[in-house]
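**Q** The sequence and its predicted three-dimensional model are supplied below.
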Amino acid sequence: GAGVSQSPSNKVTEKGKDVELRCDPISGHTALYWYRQSLGQGLEFLIYFQGNSAPDKSGLPSDRFSAERTGGSVSTLTIQRTQQEDSAVYLCASSLRLAGGPYEQYFGPGTRLTVT
Amino acid sequence: QKEVEQNSGPLSVPEGAIASLNCTYSDRGSQSFFWYRQYSGKSPELIMFIYSNGDKEDGRFTAQLNKASQYVSLLIRDSQPSDSATYLCAVGRTALIFGKGTTLSVSS
């Protein structure tokens, strides 16, 4: 079946602009995650959504970052007033949520964000 | 601060050999452990998970977990050039903590 899809695949923006990144999870997966991967920092967790529960936002690096998930499916990650240090690959993952876990997370192809 | 440590490598092995990749983690309460493979320019691909002490085998891959030593490893038997990639160890239940990865190079 179809995997996680993300759009756009590449985004170049000027410092100070806002950007929106989209993720469409695997059909039937109730949990959705955002991570970012940069050369210096490796892969970092940003936010986790599960059903109608309040999201786990513990990884968001600043209040310029926000995310929403509408209808329990598609998610949008928004970065306001982008800075050069926001340049990274933003990865979305999804998983089933089975009692007792583990929650096997499957990643999308990512969005490469470059802030100039 | 929860940490996951991996040797960055590169780990170089000849084709057909066994590659051994290692990972240590700091949170003694961790229960789920994952190995991802990442080719250059691509996103991570889940290859195995383990949550019980001991070994778990899947084809040419074996994951080994020792919770007392806070150590998890991945063995790749009969290594192939197509196994050349960065291998990421991840720990956690939902918010995974990743190591920075070990680069494996398999020479033909």
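**A** Cool, got the structure. Numbering: from 1, shown residues only, chains lettered A, B, ... in the order given.

**Q** how about the strands in chain B?
**A** B:4-6, B:11-14, B:19-25, B:33-38, B:45-50, B:54-58, B:61-66, B:71-76, B:85-91, B:97-98, B:102-107 (DSSP state E).

**Q** meant to ask about chain A, not that
**A** Assigned by DSSP E, the strands in chain A fall at A:5-7, A:10-13, A:19-24, A:31-38, A:42-50, A:65-69, A:75-79, A:88-95, A:106-107, A:111-115.

**Q** mind saving the C-alpha coords of the last one as PDB?
**A** Extracted in PDB, the C-alpha atoms of strand A:111-115 (Å, rounded to 0.1, in the frame of the first residue of the first chain):
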ATOM      1  CA  THR A 111      10.900  17.800   3.100                       C
ATOM      2  CA  ARG A 112      14.200  19.500   2.700                       C
ATOM      3  CA  LEU A 113      13.900  23.100   4.000                       C
ATOM      4  CA  THR A 114      16.500  25.600   3.100                       C
ATOM      5  CA  VAL A 115      16.300  29.100   4.600                       C
END
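
**Q** List the buried residues of stretch B:97-105.
**A** B:97-104 (16 or more other Cβ atoms under 10 Å in any protein chain shown). For every residue, glycine as well, the C-beta is placed using N, CA and C.

**Q** Intersect these with the contacts of chain A.
**A** B:97-101 (Cβ under 8 Å from any Cβ of the partner chain).

**Q** export the buried residues of stretch B:97-105 to TSV and tack on pLDDT?
**A** Shown next, in TSV, are those (pLDDT from 0 to 100):
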residue	pLDDT
B:Ile97	96
B:Phe98	97
B:Gly99	97
B:Lys100	95
B:Gly101	96
B:Thr102	97
B:Thr103	97
B:Leu104	98
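
**Q** quick one: the lowest-mean-pLDDT helix or strand in chain B to strand B:61-66, angle?
**A** Least confident helix or strand, chain B: strand B:54-58 with a mean of 93, by mean pLDDT, DSSP states H and E. Angle of strand B:54-58 versus strand B:61-66, following axes from the mean of the first three to the mean of the last three Cα atoms, to 10 degrees, is 170 degrees.

**Q** Tell me the helices and strands packed up against strand B:54-58.
**A** strand B:45-50, strand B:61-66 (3 or more Cβ pairs under 8 Å, 6 or more residues apart in numbering or on different chains; DSSP states H and E).

**Q** So which of these is nearest chain A?
**A** strand B:45-50 (5.4 Å; Cβ to the nearest Cβ).

**Q** Might you list the low-confidence residue ranges for chain A?
**A** A:1, A:99-100 (pLDDT under 70).

**Q** swap the cut-off to 90 and go again
**A** Residue ranges of chain A with pLDDT under 90: A:1-2, A:39-42, A:51-53, A:70-72, A:96-103.

**Q** For it, what lies in contact range of chain B?
**A** A:31, A:33, A:35, A:42-45, A:48, A:50, A:56, A:58-59, A:89, A:91, A:101-110.

**Q** Of the residues you listed, keep whichever come out buried.
**A** A:31, A:33, A:35, A:42-45, A:48, A:50, A:56, A:59, A:89, A:91, A:101-110.

**Q** need the contact list for B:Gln70.
**A** B:24-26, B:28, B:30 (Cβ atoms under 8 Å, 6 or more residues apart in numbering or on different chains).
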